[in-house]
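S.K.: just to be clear, the model below is a prediction. Sequence and coordinates:
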Amino acid sequence: MFSRILIANRGEIALRIIRAARELGVETVCVYSEADKGGPWLDQADETVCIGPGPSADSYLRIDRIISAAETTKADAIHPGYGFLSENAHFAEVCRDCQITFIGPSPEAMGLLGDKVSCRAMAQKSGTPIFPGSPGEIEEDEEAIKVAEEIGYPVIVKAAAGGGGRGMRIARDEEELKAGLTSARQEAVAAFGNGAVYVEKFLERARHVEVQCLGDQHGNAIHLYNRDCTSQRRHQKLIEEGPAPGVSDEVRDAVCESAARLIQSANYCGAATCEFLMDQSGDFYMLEVNTRIQVEHPVTEMITGVDLVKEMIRCSAGEPLAYKQSDIKLIGHAIECRINAEDPDRGFMPQPGLVEEFRQPGGFGVRVDTHVQPGYRVPPNYDSMIAKLIVSGEDRAEAIARMKSAIDEFKIGPIKTTLPLHRRLMDAREFVETDFDIHYVERWLEQEEAKV
């Protein structure tokens, strides 16, 4: 086991990693930017190191400063959390070259699965269902037009190195496809430094379902069932739940097992999430693989009892998975709401500023992952998520009822947050009846605005 881990992240995920490491008897070092000076999570680390100004490009994305901090504090491993450098294969390679363990997959595995084109090829070999589309990168517009004619419109242009909805364009005819190829390439270069794109079939009404997997350095891989992330706005997830409702046990198990095979075929170590879209017939198509811990990992922890962060650390230290597939059992239903410092009534405008009131809910089956406390000032530099509210119940109905109660008990002010939005969504017919797709929240918001 490691003696000391450096956490190359901030906020609630940094605190989550500190707690897991502490239980394993491992010391922690937290790097921080000048904007995060005095962050409540820093008090829980054994050592802290300032790595630069507030902007991410000058701090949390500076590989040289993070490596220097690890070497200075004698950390033998680095946990990247999510976001920032967590899916940067070059960072993982630099860690290895500096003889510091990257807590996550190898650069080779990350490259194979992180690139959507190579990931599609591996998925085909492992039997993981994928969208019909181009076999690889689209280099000429004529090639994309030919693919679209073969699989039928609408199609979607995607950045090979993309994520978060960037580098994506929907096309319903040839003219839109040509325009989409140009704009997607430009956005992909700006966002990821890689303009490669590919084309695949687009589903008009799809649900977003993902499979949580774990792998170790001994060739073992398991799945921990699935989550539904359909409740999203502009490709940004708002609510996640698990197991995914409305999916038969037979279909669920087949897709989950195929995801585990894919992870195993990449010689993958750590936590990985295989993301799928499901059509109205219940057929699954793989979107991508996230080669890191997910924001919504607590949902899986609540329904399986497995500490994913501790397993990541243990496996990266060379230990085999503590679980076999037969050990993983489903326990009830869990729902997570992402609490963002945003004002939904004003176009989801970010709400940086002082948090004077912060009263967390409690009770049976309620969990809050957060770094916020009264007196904390939300900086304008980073993602607006300030907390995750997770509840579990014997079934989905009880989980929804428990979430309503927990939201009513949760008090944050004076800054605006998405708590009131989540409370209303818990009563939305589409959500309650699982009659939703990835665009239902946007339609629901339009209907809400029309009522005002």
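M.R.: Everything's here; your move.

S.K.: wait, Gln232 sits on Ala206?
M.R.: No: with contact defined as Cβ atoms under 8 Å, Gln232 does not reach Ala206; the gap is 11.3 Å. Yep, even glycine has a C-beta here, placed from its N, CA and C like the rest.

S.K.: and for these two, which residues touch both?
M.R.: Applying Cβ atoms under 8 Å, 6 or more residues apart in numbering, one finds that Gln232 and Ala206 are jointly contacted by Ile438.

S.K.: measure Asp46 to Arg16 for me?
M.R.: 16 Å (Cβ to Cβ, to the nearest Å).

S.K.: cool, His333 as well?
M.R.: Counting by Cβ to Cβ, the gap from His333 to Arg16 is 22 Å.

S.K.: name all residues that make contact with the residue nearest the centre of the chain.
M.R.: Nearest residue to the geometric centre of the chain (Cα atoms, centre = their mean): Gln294, 3.5 Å. In this structure, Gln294 makes contact with Tyr82, Glu210, Gln212, Ala271, Thr273, judged by Cβ under 8 Å, 6+ apart.

S.K.: tell me the buried residues within these.
M.R.: Buried subset of the contacts of Gln294 (neighbour count, 16 or more other Cβ atoms under 10 Å): Tyr82, Glu210, Gln212, Ala271, Thr273.

S.K.: what strand or helix carries the third one?
M.R.: Right, Gln212. strand 207-215 (DSSP states H and E).

S.K.: list the buried residues in that strand.
M.R.: Arg207, His208, Val209, Glu210, Val211, Gln212, Cys213, Leu214, Gly215.

S.K.: again with stretch 228-247
M.R.: Applying 16+ other Cβ under 10 Å to stretch 228-247 flags 228-233, 237-245, 247 as buried.

S.K.: would you mind pulling up the elements that the helix of greatest length in the chain packs against?
M.R.: When the chain is parsed with DSSP state H, its longest helix is helix 174-192. Where contact means 3 or more Cβ pairs under 8 Å, 6 or more residues apart in numbering; DSSP states H and E, helix 174-192 is packed against helix 141-151, strand 155-163, strand 166-171, strand 197-201.

S.K.: do you have the helices of the stretch 1-150 of the chain handy? List them.
M.R.: 11-23, 63-72, 89-97, 107-114, 116-126, 141-151 (DSSP state H, counting those that start in this stretch).

S.K.: domains of the protein?
M.R.: 4-103, 112-201, 207-250+257-451 (automatic domain parsing).

S.K.: redo those as TSV? Include mean pLDDT.
M.R.: Below are the domains of the chain laid out as TSV (pLDDT from 0 to 100):
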stretch	mean pLDDT
domain 4-103	98
domain 112-201	89
domain 207-250+257-451	96
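
S.K.: hang on, the earlier thing: which of Asp46 and Arg16 has more neighbours?
M.R.: Taking neighbours as other Cβ atoms under 10 Å, Asp46 and Arg16 compare with Arg16 leading, 24 against 15.

S.K.: name all residues that make contact with the more buried one.
M.R.: Counting by Cβ under 8 Å, 6+ apart, Arg16 has contacts Val309, Asp369.

S.K.: most remote residue from this structure's center?
M.R.: The outermost residue of the chain relative to its centre, with distances by Cα atoms, centre = their mean, is Glu142 at 34.2 Å.

S.K.: next one: that one relative to Val199, how far apart?
M.R.: 12 Å.

S.K.: from the buried residues of strand 207-215, which is closest to Ser392?
M.R.: Gln212 (15.5 Å; Cβ to Cβ).

S.K.: coming back round to it: ok, which of the helices of the stretch 1-150 of the chain comes nearest Asp253?
M.R.: Asp253 lies closest, by Cβ to Cβ, to one member of the helices of the stretch 1-150 of the chain: helix 116-126, at 15.5 Å.

S.K.: can I get that closest one in CSV? Just the C-alpha atoms.
M.R.: Provided in CSV are the C-alpha atoms of helix 116-126 (Å, rounded to 0.1, in the frame of the first residue of the first chain):
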residue,chain,number,x,y,z
LYS,A,116,-13.9,7.1,-29.1
VAL,A,117,-12.7,5.7,-32.4
SER,A,118,-10.4,3.0,-30.9
CYS,A,119,-12.9,2.4,-28.2
ARG,A,120,-15.6,1.5,-30.8
ALA,A,121,-13.2,-1.0,-32.4
MET,A,122,-12.5,-2.7,-29.0
ALA,A,123,-16.2,-2.7,-28.2
GLN,A,124,-17.0,-4.6,-31.3
LYS,A,125,-14.5,-7.3,-30.4
SER,A,126,-15.8,-7.6,-26.9
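
S.K.: hmm, who's touching that helix?
M.R.: Residues outside helix 116-126 that contact it (Cβ under 8 Å, 6+ apart): 111-113, 129-130, 133, 135-137, 158-162, 196, 198, 258, 261-262, 264-266, 286, 288-289.

S.K.: swap in 7 Å and give it another go.
M.R.: By Cβ atoms under 7 Å, 6 or more residues apart in numbering, the list of residues contacting helix 116-126 from outside reads 112-113, 130, 136-137, 158, 160, 196, 198, 258, 261-262, 265-266, 286, 288-289.

S.K.: buried sites along it?
M.R.: Lys116, Val117, Ser118, Cys119, Arg120, Met122, Ala123, Ser126.

S.K.: what's the single longest strand in this structure?
M.R.: strand 221-233 (DSSP state E).

S.K.: parallel or antiparallel, which strands does it pair with?
M.R.: Strand partners for strand 221-233, identified by DSSP bridges, are recorded as strand 207-215 (antiparallel), strand 236-242 (antiparallel).

S.K.: as a markdown table, the ones you listed with distance to Ile390 would be great.
M.R.: Converted to a markdown table, these look like this (distance: least, Cβ to Cβ, whole Å):
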| stretch | distance to Ile390 |
| --- | --- |
| strand 207-215 | 14 |
| strand 236-242 | 9 |
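
S.K.: of those, which approaches Ile78 most closely?
M.R.: Per Cβ to Cβ, nearest to Ile78 of the strands paired with strand 221-233: strand 207-215, 18.7 Å.

S.K.: so where does the nearest residue to Cys274 once chain neighbours are set aside fall, helix or strand?
M.R.: Using Cβ to Cβ, 6 or more residues apart in numbering and skipping the chain neighbours, the partner closest in space to Cys274 is Ala259 (3.9 Å). Using DSSP H and E, Ala259 maps to helix 249-265.
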